[in-house]
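Asker: Provided below for reference: sequence and predicted model.
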Amino acid sequence: MKNLAAMKPYKHFINGEYRGSSQTFETINPATGQTIGEAARGTKADIDNAVQIAQDTFSNSAWPDMDGRERGQILRKVAQVIRHRAEQIIPLEVADAGKTLADARLEVEIAAQVWDYYADLTQSAIGTVHAVPAPDQFGYTVRQPAGVIGIIIPWNFPFVLTALKLAPALAAGNTAVMKPAEDSPITASLLGDFLNEAGIPAGVANIVQGLGEEAGAALAANPSLDKLVFTGSSEIGSLVMQTAGKNITDVTLELGGKSANIICADADREQALMSATFGCLLHCGQCCCAGTRLLVEKSIQESFLADLEKQFERIRVGDPTDEKTHIGPIINDKQLTKIDDYVEVGRAEGATVMTGGERATTGELGNGFFYKPTVLANADNRMRIAQEEIFGPVITCIGFEDLDEAIAIANDSTYGLAAGVCTRDLVKAHYAARRLEAGTVWINTFNGLALNSPFLGWKKSGIGVERGVEGLHDHMRLKTVRIDMSQQPLPVFGD
């Protein structure tokens, strides 16, 4: 199994230059279990320094007031650099995050598309004109950059999530300080070179490596942030929100999920099987909106799950550098153990393991963190495996009698990130989409996210909006302006 990342220290990127740290931490290749590099271990002082530089840059540089077209041209150059350097990024994303080669190629291209998309939106901060009660009065709204944006990203899609957080922040005219995930820090470190090459002014985008409980906590607590953007688990998101709340810092949180995928009896079988498989197994199930609760109409449940079992058994788990591999490793041993523990919980609760249910240890796989795609049947929505986020290649299958029951089961969750429905009946599809309590609903597909479509969570799955024009506006402040042109004095109360 190839080790595609060279050992080197991965540094902070602050004020347009790379900086080291007195302490470092190791980053591990999840496919081999081997150390592949060291990253700077940022401190509160590093975070505070980066935030101060971002604040000074926002206050004293031309970036916030730059013409949108000019700012867009610079962001578009970032996309060009990413495409030009793709062959440098791809193997590092494979080695650091456990991506398959196919997934890494796709994510690098998507990241470039994100920068292109927000380059196009730099002139899309549209205000409104208000009707006023008198002809000599005038009212309107404007959107302006928020200021300094703090960004904390997770380990599962590091390069593309960096783009999805940083590009809209900069497109809106903000400056930013980003803390990458400690489990996959490498490609974020490379981004500094790309930003410099594209012409992003020094101090506009800053990257501080570090541990969540140290650098991440310090960033969330910094009182000079104007906004904090976080993606991660709902448990950590709650702590981040509490910390930021002490400073009344605005937050956008994209958190966990336990998304339901409803398979109706009238669904196209092959399409539904692909929806169930891809919906659960994208990046080995390490996806916040994964369709890990599969609700199947009871009249087809037995045959559908038999087909799904065969489908899961055809999935090739293996070396992510092998082009034939479908899914690679789990990010680390801690997460692997968590997945294994949840499967044992499912067994104890009465669920049936149809396939998988154990680590993949054949040959070289035993050196890494691999888990077999797992189907848990005969489940009940009250079980922990149906209510708690496992974050691995495990699908929990529940039967239902009719669509109303399926919707009730789907909504019986503290999460509300996404949901899916497979049916040929357009009336059923619209009916379910209207009643499912989720920020995104997919019909006859799953995990299909478009850059121009808003992405958001309901309930404990998040606050705020990402992607689309709404994602740009989420990084801006709305201001109302009211003008009185009558030159008449205001009334004096009490006269």
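Answerer: Received it, and whenever you're ready, just let me know what you need.
Asker: can you give me the strands in the stretch 251-400 of the chain?
Answerer: Secondary structure of the stretch 251-400 of the chain (DSSP state E, counting those that start in this stretch): strands located at 260-263, 293-297, 352-355, 374-377, 394-400.
Asker: tell me which of those strands lies nearest to G98.
Answerer: Among these, strand 394-400 comes nearest to G98, with 16.7 Å by CB to CB. The C-beta positions use only the backbone N, C-alpha and C, and glycine is treated the same way.
Asker: neighbouring strands - and their directions - for the closest one?
Answerer: Its sheet considered, strand 394-400 pairs with strand 293-297 (parallel), strand 374-377 (parallel) by DSSP bridges.
Asker: name the residues that touch the helix or strand just after that strand?
Answerer: Moving toward the C-terminus from strand 394-400, the next helix or strand (DSSP states H and E) is helix 403-411. The list of residues contacting helix 403-411 from outside it, by CB atoms under 8 Å, 6 or more residues apart in numbering, reads 260, 262, 264, 293, 295, 297, 381, 398, 400, 419, 428, 431-432, 435-438.
Asker: out of those, which end up buried?
Answerer: Buried members of these, counted by 16 or more other CB atoms under 10 Å: 260, 262, 264, 293, 295, 297, 381, 398, 400, 419, 428, 431-432, 436-438.
Asker: same list (the strands paired with strand 394-400) but as JSON lines, adding mean pLDDT and distance to E182.
Answerer: Below are those laid out as JSON lines (pLDDT from 0 to 100; distance: least, CB to CB, whole Å):
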{"stretch": "strand 293-297", "mean pLDDT": "98", "distance to E182": "30"}
{"stretch": "strand 374-377", "mean pLDDT": "98", "distance to E182": "27"}
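Asker: would TSV of these with distance to G279 be doable?
Answerer: Shown next, in TSV, are those (distance: least, CB to CB, whole Å):
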stretch	distance to G279
strand 293-297	8
strand 374-377	13
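Asker: indicate which one of those is closest to H473.
Answerer: Nearest to H473, of those and by CB to CB, is strand 293-297 at 31.9 Å.
Asker: what angle do the closest one and helix 403-411 make?
Answerer: Angle of strand 293-297 versus helix 403-411, following axes from the mean of the first three to the mean of the last three CA atoms, to 10 degrees, is 170 degrees.
Asker: which residues touch strand 293-297?
Answerer: 258-265, 276, 280, 304-305, 308, 381, 386, 395-402, 406, 409-410, 413.
Asker: in PyMOL, select just the buried ones from these.
Answerer: For the buried members of the contacts of strand 293-297, the matching PyMOL selection, counting by 16+ other CB under 10 Å, is:
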select buried, resi 258+259+260+261+262+263+264+276+280+304+305+308+381+386+395+396+397+398+399+400+406+409+410+413
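Asker: please identify the buried residues of stretch 19-35?
Answerer: Buried, per 16+ other CB under 10 Å, within stretch 19-35: 19, 21, 24-25, 27-32, 34.
Asker: now, which of those sits nearest L365?
Answerer: Of these, the one sitting nearest to L365 (CB to CB) turns out to be A31, at 8.3 Å.
Asker: relative to K99, how far out is the closest one?
Answerer: If you measure A31 against K99 using CB to CB, to the nearest Å, the figure is 10 Å.
Asker: shared neighbours, these two?
Answerer: 320, 328.
Asker: just to check, R347 is in contact with M354?
Answerer: No - counting by CB atoms under 8 Å, R347 stays clear of M354, with 11.9 Å between them.
Asker: re the thing from before, would you mind giving the strands of the stretch 251-400 of the chain as TSV with distance to S124 added?
Answerer: TSV is the format used below for the strands of the stretch 251-400 of the chain (distance: least, CB to CB, whole Å):
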stretch	distance to S124
strand 260-263	33
strand 293-297	36
strand 352-355	47
strand 374-377	44
strand 394-400	39
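Asker: figure out which of those is closest to G68.
Answerer: Here strand 260-263 is closest among these (CB to CB), at 39.8 Å.
Asker: host element of G37?
Answerer: strand 34-40.
Asker: the lowest-mean-pLDDT helix or strand in the chain packs against which elements?
Answerer: Every helix and strand of the chain was ranked by mean pLDDT, DSSP states H and E. The lowest is strand 129-130, at a mean of 84. With contacts taken as 3 or more CB pairs under 8 Å, 6 or more residues apart in numbering; DSSP states H and E, strand 129-130 sits against strand 137-145.
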